[in-house]
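[1] got a predicted structure plus its sequence, pasted below:
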4 protein chains.
Amino acid sequence: MKNLRIGMIGYGFMGRTHSNAFSQVNHFFDLPYRPVLQTLCARNPARAQAFAAQWGYQSVEADWRKVVESPEIDLIDIASPNDTHAEIAIAAAKAGKMVMCEKPLGRTAAEAQGMVEAVEAAGVPNMVWYNYRRVPAVMLAKHLIDEGRLGRIFHYRAKFLQDWTISTDLPQGGEGLWRLDVNVAGSGVTGDLLAHCIDTAMWLNGPIHEVSATTETFIKSRQHNLTGKLEPVGIDDASLFLARFDNGSLATFEATRYARGHKALYTLEINGANASIIWDLHDLHRLQYFDHGDEGRLRGWRSIHVTDSDHPYMKHWWVPGLQIGYEHTFIHQAADFLTAAAGGQAASPTFRDALLTDHVTDAVLASAKNRNWVSIPKA
Amino acid sequence: MKNLRIGMIGYGFMGRTHSNAFSQVNHFFDLPYRPVLQTLCARNPARAQAFAAQWGYQSVEADWRKVVESPEIDLIDIASPNDTHAEIAIAAAKAGKMVMCEKPLGRTAAEAQGMVEAVEAAGVPNMVWYNYRRVPAVMLAKHLIDEGRLGRIFHYRAKFLQDWTISTDLPQGGEGLWRLDVNVAGSGVTGDLLAHCIDTAMWLNGPIHEVSATTETFIKSRQHNLTGKLEPVGIDDASLFLARFDNGSLATFEATRYARGHKALYTLEINGANASIIWDLHDLHRLQYFDHGDEGRLRGWRSIHVTDSDHPYMKHWWVPGLQIGYEHTFIHQAADFLTAAAGGQAASPTFRDALLTDHVTDAVLASAKNRNWVSIPKA
Amino acid sequence: MKNLRIGMIGYGFMGRTHSNAFSQVNHFFDLPYRPVLQTLCARNPARAQAFAAQWGYQSVEADWRKVVESPEIDLIDIASPNDTHAEIAIAAAKAGKMVMCEKPLGRTAAEAQGMVEAVEAAGVPNMVWYNYRRVPAVMLAKHLIDEGRLGRIFHYRAKFLQDWTISTDLPQGGEGLWRLDVNVAGSGVTGDLLAHCIDTAMWLNGPIHEVSATTETFIKSRQHNLTGKLEPVGIDDASLFLARFDNGSLATFEATRYARGHKALYTLEINGANASIIWDLHDLHRLQYFDHGDEGRLRGWRSIHVTDSDHPYMKHWWVPGLQIGYEHTFIHQAADFLTAAAGGQAASPTFRDALLTDHVTDAVLASAKNRNWVSIPKA
Amino acid sequence: MKNLRIGMIGYGFMGRTHSNAFSQVNHFFDLPYRPVLQTLCARNPARAQAFAAQWGYQSVEADWRKVVESPEIDLIDIASPNDTHAEIAIAAAKAGKMVMCEKPLGRTAAEAQGMVEAVEAAGVPNMVWYNYRRVPAVMLAKHLIDEGRLGRIFHYRAKFLQDWTISTDLPQGGEGLWRLDVNVAGSGVTGDLLAHCIDTAMWLNGPIHEVSATTETFIKSRQHNLTGKLEPVGIDDASLFLARFDNGSLATFEATRYARGHKALYTLEINGANASIIWDLHDLHRLQYFDHGDEGRLRGWRSIHVTDSDHPYMKHWWVPGLQIGYEHTFIHQAADFLTAAAGGQAASPTFRDALLTDHVTDAVLASAKNRNWVSIPKA
């Protein structure tokens, strides 16, 4: 087992989930690499020091360029706000580092395009942290679909519902609230929440052909934390779209931060001629499965508690019936990345995979603006 | 189709459910008999008249003996309080009438014994209204068990939870509250609620061998509606027992009117080596079914929405997905009774079946009193 | 209590639900009218005779014009296929009869417009059987919204999912399958299922401003029962739309008969600043309610078992905890209509209310065809 | 922050959960101690070495006495089979080490008594790993009860249902299967599963006064892994009991490994005059809460997703809506222990607390054997 020295850019919410993944992955998976938390890079020195101490980083550095160029670093993991992804990733690729990047890849497909080109030109292992693919129940859904159990797909529907920005008192911008600042985030829920839904959807159900969308900003101006002034809100608070997939299925997608009662309710459903699947993030260890092949009077939605040893990833954890949580999706993704990276390979979703999602989010925003159907460019 | 003239004794809650069953049954089932609501018998003349008008009874009579002896009556249906069951049923049988009786059959097995002997001596069709056997989901459970799908049975558990007597202000006795008067009711939740659980359990899982019970009266005295005085409460407010069935399975049973948050939560679960079943009255149209024979990673509790045309009784109702309710169990039971009665047969649960339940409730009360295990007499 | 003589046009699924409503309504509600099942009108004489016998109709008539003109009839109830609604309703109104009509009112808004004008010109009580408004849980939702408990509304979403037409072997047209014949039905799921969703939505959340829709016919041709030939399918199998309401809220709507695992899953959710509501038809006696005003750490979705005596309509039925079913929504609607009609009033939803729904379904179909946003004409 | 050097005895399932707790606790909690995984003690050298490498133990030792006596060890954590607990714990206490012990404390109360005396005589911080107290939803239940929100308690019920020993082919004894060997485990489900239920119950609802129990061994003999011979099974496969608490409430308790369809379904419910609570381990991040104080028509069971920052322990984890899992209960318990230990205190449940549970399990086994009610000795 070789050491793999991590340069972590960012120490926010995602800095924590990634650091935890690297700390835990060798305890549960047999891997070719042992990640070493080498350098934590962030702007606020006191907070960076505290974070590094808590997670055991060996050094702290304020300038990401130094981390990218350091010979002591094997892998750059980008967990900083969206507006920093492209520049860091491209520099890291050029420096020959492996690159992992928090989603969305770029704020726009144009921005992401350059990132894809950089990692592919450099030939470095890369991956984007669309972590929900690695929920065991979601991975089980993927296996069932790939085995053809659902038959012809008629419908897909996905929602990501939150309620944390309903108050008009919530400011925008700066530490912890950059997701409300359009310049930093690129968009609102479209890039933050719908991007997850779109990534999973295309992975499970193939390419999206075209979309018709509408968006809304319910609260038009908010105090900006950096300027101290009341400023127009540039992000979309809610984003809804209809989609038609290449395989002929129809879909509804919706994301909002104004759905009172839901904290992080990512739900997906897929209806096939032979079987259907439902999953939601609030009870992430369950998969609902309906199999039309069951005996008629005994058909019903099965609530599969995805905690058995023959379920994806679960033999690495505890015993049947004992559930894992949110953070484990990152650990699974780290395990898969490290396995692939040992062979010099990228892991799914690669930068190229994630570029496709940026194309869809671009189309959603364009459709909402122009009030028409917008086709998605092909990969 | 022949008319079958009903003499209904009682106009309380059960008088309504039975009257509704007779009113509705021919609309949905093809039957050899058409019940005619001939005579309503009850003590309060004004209320009896109003009830008769509402349901279309052709006459009203205050003295049940006249109804029992009337040549215009073919069937006596006893929906009056428990302390009246035996005398009326025995007289009706002697008069050669068909007899239906609300549960429990007698206040004690000794009382019920005489009723069984009377209907059997007279050879008249008879039945006790343990209506929950005719919930489609419960009947489906019965079919699955009889087909041997569950394999060896290890466990049975049943509860009937209510919360309507928690207030100390609630009086006992008289119209609408006779269930709290031990002289009228015979017992508290043991005869009222546990009797349902026991009837279903023995029907599904065979005879109970022995029980160990405990009971409690949480509120020791209440105003009595008939005397106007504060009097000791003689009924059991809660009744819990362990049981061992003849087939070697173990069980817990519980009934209470002090389970805050539950109105009429009758639940049952049965675990077999190959499959398990769960049902509850608050969502009565669903059966939960777990089949160990399902492919390993796809095993899960199936929530069967028992509304399809191949589900018990359901082809008589609407279209798949549309649920029926509580009152329909009585309609089903009326349909089954009328079919059997046309051939001169009793319908399940017969008076003799219901006597067995009285033996168990007697044993439960004796065990609670004497703090020992009590064996159930064999049928 | 006066008799009100019903002329029932049609004996299909809806003929049964309406006949049952009239049979049952006086057993449970104190009303100014007693409906009398006077005449059943249908084309197949043998089946009409059997249906009339089962439900107690006093006569049978093949020609609806004779029923409309009969002095023995007070009310015409139209439960026949969609293509017959307008002609019968207009004639009935002209004859001065009260008119009840199964939904959708017309196959198009243009057709419905004439019906509205006829009943309003005649000044006769009228109502359209959008029965789901009278589910007690849905009515409770209406009360909560009208009391302002939800605050500003941000989101509405509704679906009506079925799976009964997935098989290519299913024919179209004729008895029992006219809903698949576009000439008779007018449209597919848009008029059959979405119409319900739209009616409830505008009742709860006010007018819809504009829509963007897409539809699909998954199975392009089916055997036609009347011609015996394989013919193109003209209906929409699935219909999805985005909507913006006048109150600024955003919505997704979807209906399909290709959602494997769902029989009649009508679901609705509404998110307000202060509270949210979820309901579904598969467990129709429950309302999910989230109140942000609850103490922080104790906030949660409440699963309200809408069976208490202080819940809408429920004091008329059994005791708390005991559920009612699908058919009861029609009984409630009949009760409300009879109460209003005694004062010469129409009952909600009136023909005029239902016309608004036809305007929206027209807009949905136009939007799907022309791939643009379509505005809804104002009432 | 001081280092606290751990000597871990055992590397089975519980060795993993405890090692993980010590590895993770400082990443999420600010604590006076930093646990150091100093020595792993186990009998199989190759497996011990592998386990130590995976978790980062600095040394491996086969003889637990050497670990107990080592000056390099501050705390002995006993995660080895039940028959080793007493001897190791007593030696560790005598050596002045802090002692943590996996549950049950002893195989019998007599065995546990010596352990309590040892730690109390030595005055060392001690704790037993009844981890389910630290599920955030269970801790929230504890807070609600302690605040008096439930009012007078009428009922308690708990079950722990598994299905992993139904096959007759499963052997008993040795690595991984010692829980089926009565000499090692002490009892079957009574000590393994019911002990958890009893610990939580007395913590939430106070002392148990008396019990009436029954047990069963469904499969009478199994191949023994150590002898290679078919041997009688000495453990109880299922154990059920009725209980009366000191506070007057009544209870049912049940544990089994023969409940097909349930992997680790620990459930508890408590009904008070004012409110009720339900929790289960299969969806451990939810608490069901019914508050009779809610407005009448809006009362319902609240499904509280216990993931908000004002929920117990949750501010240490991710963001609202994102769930944690089974392993986190051990991390919470480690955090609480380390905080208490810094002040020289034991943490709940202490050895003395756990002795009480052993008294109840002794009483359950005695009652089942002697078929009578058995009183519990007072603390």
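    Great, that's in hand.

[2] now the longest helix along chain A - C-alpha only, CSV.
    As assigned by DSSP state H, the longest helix anywhere in chain A is helix A:351-370. Output in CSV follows, covering the C-alpha atoms of helix A:351-370 (Å, rounded to 0.1, in the frame of the first residue of the first chain):
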residue,chain,number,x,y,z
PHE,A,351,-14.6,15.5,-15.4
ARG,A,352,-16.0,14.5,-18.8
ASP,A,353,-19.1,13.0,-17.2
ALA,A,354,-19.6,16.1,-15.1
LEU,A,355,-19.3,18.3,-18.1
LEU,A,356,-22.5,16.8,-19.4
THR,A,357,-24.3,17.8,-16.3
ASP,A,358,-23.1,21.4,-16.8
HIS,A,359,-24.5,21.3,-20.3
VAL,A,360,-27.9,20.4,-18.9
THR,A,361,-27.8,23.0,-16.2
ASP,A,362,-26.8,25.6,-18.8
ALA,A,363,-29.8,24.5,-20.9
VAL,A,364,-32.1,24.7,-18.0
LEU,A,365,-31.1,28.3,-17.2
ALA,A,366,-31.3,29.2,-20.9
SER,A,367,-34.8,27.6,-21.3
ALA,A,368,-36.1,29.4,-18.2
LYS,A,369,-34.8,32.7,-19.5
ASN,A,370,-36.0,32.3,-23.1
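
[3] who are the contact partners of the most centrally placed residue in chain A?
    Residue closest to the average C-alpha location in chain A (C-alpha atoms, centre = their mean): residue A:130, at 2.6 Å. Remark: with contacts taken as C-beta atoms under 8 Å, 6 or more residues apart in numbering or on different chains, residue A:130 is in contact with A:103, A:195-196, A:199-200, A:349, A:354, A:357. Yep, even glycine has a C-beta here, placed from its N, CA and C like the rest.

[4] just say helix, strand or coil for residue A:348.
    coil (DSSP: H, G, I helix; E, B strand; the rest coil).

[5] before we move on, what about residue A:51?
    Relying on three-state DSSP, one would call residue A:51 helix.

[6] phi, psi of the residue nearest to it when sequence neighbours are not counted?
    Leaving aside its sequence neighbours, residue A:51 sits nearest to residue A:11 (C-beta to C-beta, 6 or more residues apart in numbering or on different chains; 4.2 Å). Per-residue torsions, residue A:11: phi -140, psi 20 (degrees, to the nearest 10).

[7] correct me if wrong: residue A:11 contacts residue A:47.
    Yes. In terms of C-beta atoms under 8 Å, residue A:11 counts as a neighbour of residue A:47; the distance is 6.7 Å.

[8] more neighbours: which of those two?
    residue A:11 (26 against 14; other C-beta atoms under 10 Å in any protein chain shown).

[9] what sits against that one?
    A:40, A:42, A:47-48, A:51, A:79.

[10] which of those are buried?
    A:40, A:42, A:48, A:51, A:79 (16 or more other C-beta atoms under 10 Å in any protein chain shown).

[11] which intervals of chain A have sub-threshold pLDDT?
    Residue ranges of chain A with pLDDT under 70: none are present.

[12] just the helices from it, written as ranges.
    Going by DSSP H, chain A shows helices at A:13-28, A:45-55, A:64-69, A:85-94, A:109-122, A:136-146, A:182-185, A:189, A:195-205, A:328-342, A:351-370.

[13] please name every helix or strand in contact with the longest one.
    Here helix A:351-370 touches strand A:98-101, helix A:109-122, strand A:126-128, helix A:195-205, strand A:208-216, strand A:238-245, strand A:374-375, going by 3 or more C-beta pairs under 8 Å, 6 or more residues apart in numbering or on different chains; DSSP states H and E.

[14] hmm, what's the outermost residue in chain A?
    Max radial position in chain A (C-alpha atoms, centre = their mean) goes to residue A:297, at 39.8 Å.

[15] identify the residues contacting that residue.
    B:140, B:304, B:308, B:310-311.

[16] ChimeraX command to pick out the buried ones of those?
    To isolate the buried members of these in ChimeraX, using 16+ other C-beta under 10 Å:
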select /B:140,304,308,311
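
[17] could I get the contacts of residue A:297 as CSV with distance to residue D:289?
    Converted to CSV, these look like this (distance: C-beta to C-beta, whole Å):
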residue, distance to residue D:289
B:140, 32
B:304, 28
B:308, 35
B:310, 39
B:311, 34
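
[18] out of the contacts of residue A:11, who's nearest residue B:149?
    Nearest to residue B:149 out of the contacts of residue A:11 is residue A:79 (C-beta to C-beta; 51.9 Å).

[19] nearest residue to the closest one other than its sequence neighbours?
    residue A:10 (3.6 Å).

[20] check residue A:77 too.
    residue A:100 (4.4 Å).

[21] that older thread, out of the contacts of residue A:130, who has the most neighbours?
    residue A:357 (29 neighbours).

[22] still on that earlier bit, out of the helices and strands packed on helix A:351-370, deepest packed?
    strand A:126-128 (a mean of 31; mean count of other C-beta atoms under 10 Å in any protein chain shown).

[23] what pairs with that strand, parallel or antiparallel?
    Here strand A:126-128 is paired, per DSSP bridges, with strand A:98-101 (parallel).

[24] list the contacts of the partner strand.
    With C-beta under 8 Å, 6+ apart, strand A:98-101 has contacts from A:4, A:18, A:74-78, A:85, A:89, A:92-93, A:115, A:119, A:124-129, A:337, A:341, A:351, A:354.

[25] residue of the stretch 51-200 of chain A nearest chain C, please.
    Chain C sits closest to residue A:154 of the stretch 51-200 of chain A, with a gap of 4.0 Å, by C-beta to the nearest C-beta.

[26] you'd agree that residue is up against residue A:247?
    No. Look at residue A:154 against residue A:247 with C-beta under 8 Å: they stay out of range, at 9.6 Å.

[27] which parts of the longest helix of chain A are buried?
    A:351-365, A:367-368.

[28] what are the neighbouring residues in contact with the nearest residue to residue A:5 once chain neighbours are set aside?
    Spatial nearest neighbour of residue A:5, chain neighbours left out: residue A:38 (4.0 Å); criterion: C-beta to C-beta, 6+ apart. Shown in contact with residue A:38 (C-beta under 8 Å, 6+ apart): A:5-7, A:57-59, A:72-73.

[29] mind doing that once more with 6 Å?
    Residue A:38 makes contact with A:5-6, A:58, A:72-73 under the criterion C-beta atoms under 6 Å, 6 or more residues apart in numbering or on different chains.

[30] now tabulate those residues in TSV and tack on neighbour count.
    TSV is the format used below for the contacts of residue A:38 (neighbours: other C-beta atoms under 10 Å in any protein chain shown):
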residue	neighbour count
A:5	19
A:6	24
A:58	12
A:72	12
A:73	25
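
[31] and residue A:288, how many neighbours does it have?
    Residue A:288: 20 neighbours (other C-beta under 10 Å).

[32] from residue B:327, how far off is residue A:374?
    Separation of residue A:374 from residue B:327 (C-beta to C-beta, to the nearest Å) stands at 53 Å.

[33] likewise residue A:188?
    Residue A:188 is 51 Å from residue B:327, by C-beta to C-beta.

[34] which bits of chain A sit near chain C?
    A:154-155, A:166, A:212, A:214, A:216, A:238, A:240, A:242, A:250, A:252, A:254, A:258-261, A:271, A:273, A:276, A:290, A:292, A:371, A:373 (C-beta under 6 Å from any C-beta of the partner chain).

[35] hmm, back to that, which among the helices of chain A is found nearest to residue C:174?
    It is, among the helices of chain A and with distance given as C-beta to C-beta, helix A:195-205, at 36.0 Å.
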